[in-house]
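Colleague: please work out how this folds:
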Amino acid sequence: MYQTVKDYCIEGLAHVLRRRTHTKPPREPVVTGEGEARIVALACSEPPDGRSRWTVRLLTEQIIVLEIVPSIGRETVRTTLKKHNLSLT
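Modeller: Below you'll find the predicted structure:
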């Protein structure tokens, strides 16, 4: 807050309200293009024996076992599938 007040006093209102652009995102994406392709291919493949369909939890476990990415959360798998309009139901 102090920095904002200081900027307002020195630079003016337009400077304080400007939209800041970043050269790169604050965090690198966990899944890259190749990883996304492998996740989508895995989701479109046949589920393991004894299962009727893939679940997000099962996909997450299998992605780690196959070492597609070192670690990944269920929400990341879900959003990756959603981005490609894939439904597990």
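Colleague: and Leu81, how many neighbours?
Modeller: Neighbour count of Leu81, defined by other CB atoms under 10 Å: 19. Glycine gets a C-beta too; all of them are placed from N, C-alpha and C.
Colleague: got a pLDDT number for the residue nearest to the spatial centre of the chain?
Modeller: Of all residues in the chain, the one closest to the mean position by CA atoms, centre = their mean is Thr76, 4.7 Å from it. Listed pLDDT for Thr76 reads 94.
Colleague: hang on, isn't it packed against Val30?
Modeller: Yes: counting by CB atoms under 8 Å, Thr76 touches Val30, with 5.5 Å between them.
Colleague: quick check: longest helix of this protein.
Modeller: In the chain, assigned by DSSP state H, the helix with the most residues is helix 33-44.
Colleague: mean confidence (pLDDT) on that helix, please.
Modeller: The average pLDDT for helix 33-44 rounds to 94.
Colleague: now for it, which elements pack on it?
Modeller: Counting contacts by 3 or more CB pairs under 8 Å, 6 or more residues apart in numbering; DSSP states H and E, helix 33-44 is packed against helix 56-65, helix 74-83.
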